[in-house]
Structure formats: structure tokens, C-alpha cells
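Visitor: Test case, fold it:
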Amino acid sequence: MIVLMIQYIAWSPLETFLVTWERHTPSSDGNLIAWKVETGEIVAKLHQKTFVKDFWPTLQWTADEALCGYAVSNEVQFYDGKTMNTHVVKYRIKCEGVSALFTASTASASYRFAVFKPEKKVPCICVGLGGLENCGILLLSM
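Guide: Below is the predicted model of the structure:
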């Protein structure tokens with residue numbers, strides 16, 4: 001019997017998927033889980049050792065759920081948001097020190113996203129503008 005110790009839960013924008021997080025354990029095969037709501041099937045299992053409530057949900061879909069992004073060590077990876085096949089990265093954006101990813105919540109012709117990259121002395125936000133194929137990066141600092 002599998003016992004889940006879910007602590008956080010979130011919907012994808014079109015409510016196709018449910019994302020859950022539970023504390024990471026060395027024996028787990030993934031503690032950040034995406035479930036297909038219609039079937040109850042687990043479609044993705046990822047590892048997320050630390051949790052920051054302000055950055056939840058960690059998986060970020062575009063408004064149309066065509067893409068799903070996930071911030072990992074020094075880059076943001078975007079997967080097919082309809083299948084959630086995390087073994088195939090559709091887009092990869094290098095961003096050293098990235099801590100969080102946020103996608104725009106409204107549909108537009110091009111996908112918009114922002115990543116949070118804390119700096120040691122000055123907080124900095126990298127904002128991606130335009131489509132993912134030829135993304136421009138704008139640095140905003142406080």
C-alpha cells in the first residue's frame with residue numbers, strides 16, 4: 001500500500017492536471033507529482049528537495065497548457081504540457097542560479113514567463129519576453 005503525505009496541491013490552468021508536493025525522501029522516485037485529473041494517472045514525477053511557499057506551484061503551465069515549465073539547476077525546462085513527458089525537453093533556457101519560474105496567466109500569441117534569480121547583494125529578476133524560440137531576456141533589479 002502506498003501512503004502519500006501530500007502537503008501542497010495546485011491545479012493546472014485548464015484543470016487537466018493536479019500537482020502535488022510532499023517532503024522529499026531519499027527513497028522516493030519523485031515527490032513533485034503531476035496527475036491527470038480525468039484518469040487519476042500519474043503523468044510525471046520530479047524531484048524537488050526544497051519547498052518555498054511563495055514559489056508554489058513549481059510546475060508552471062502556459063494558459064493553454066501547451067507547455068509546462070520547471071526551474072531546475074541553472075536552467076528552465078519546458079515540456080509538452082499536454083502529455084507531461086518530462087523525458088523530452090522542448091525548450092531549455094539557461095539561467096544560472098534560477099530559483100523560481102512564473103508563467104503569464106492569460107493566453108497570448110506568444111508565451112510570457114518570468115524567472116526569479118536571487119543575487120547575493122541585489123535581488124534580480126530575469127524576465128523572458130516573446131516566444132520561446134527566440135526569447136529575449138530583460139534584467140530588472142530592485
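Visitor: buried stuff in stretch 95-108?
Guide: 95, 98, 100, 101, 102, 103 (16 or more other C-beta atoms under 10 Å). Quick note: C-beta positions are derived from backbone N, CA and C, even for glycine.
Visitor: My guess is residue 48 contacts residue 32. True?
Guide: Yes. Taking C-beta atoms under 8 Å as the definition, residue 48 is a contact partner of residue 32 at 4.3 Å.
Visitor: returning to that earlier point: could I get the buried residues of stretch 95-108 in a markdown table, plus columns for distance to residue 27 and pLDDT?
Guide: A markdown table is the format used below for the buried residues of stretch 95-108 (distance: C-beta to C-beta, whole Å; pLDDT from 0 to 100):
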| residue | distance to residue 27 | pLDDT |
| --- | --- | --- |
| 95 | 31 | 78 |
| 98 | 27 | 78 |
| 100 | 27 | 80 |
| 101 | 27 | 83 |
| 102 | 31 | 82 |
| 103 | 32 | 82 |
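Visitor: Out of those residues, which comes closest to residue 81?
Guide: Closest approach between the buried residues of stretch 95-108 and residue 81, by C-beta to C-beta: residue 103, at 9.9 Å.
Visitor: Could you report the distance from the closest one to residue 78?
Guide: Note on residue 103: its distance to residue 78, by C-beta to C-beta, to the nearest Å, is 9 Å.
Visitor: joint contacts of the two?
Guide: Common contact partners of residue 103 and residue 78 (C-beta atoms under 8 Å, 6 or more residues apart in numbering): residue 69.
Visitor: among the buried residues of stretch 95-108, which are in strands?
Guide: Among these, the members found in strands (DSSP state E) are 100, 101, 102, 103.
Visitor: Which secondary structure state does residue 84 sit in?
Guide: Following DSSP: H, G, I helix; E, B strand; the rest coil, we place residue 84 in the coil state.
Visitor: which residues sit in contact with it?
Guide: Residues in contact with residue 84 (C-beta under 8 Å, 6+ apart) are 17, 34, 36, 43, 44, 68.
Visitor: One more: residue 30?
Guide: So residue 30 contacts 44, 45, 46, 47 (C-beta under 8 Å, 6+ apart).
Visitor: Now intersect those with the helices, please.
Guide: Of those, none are assigned to helices by DSSP state H.
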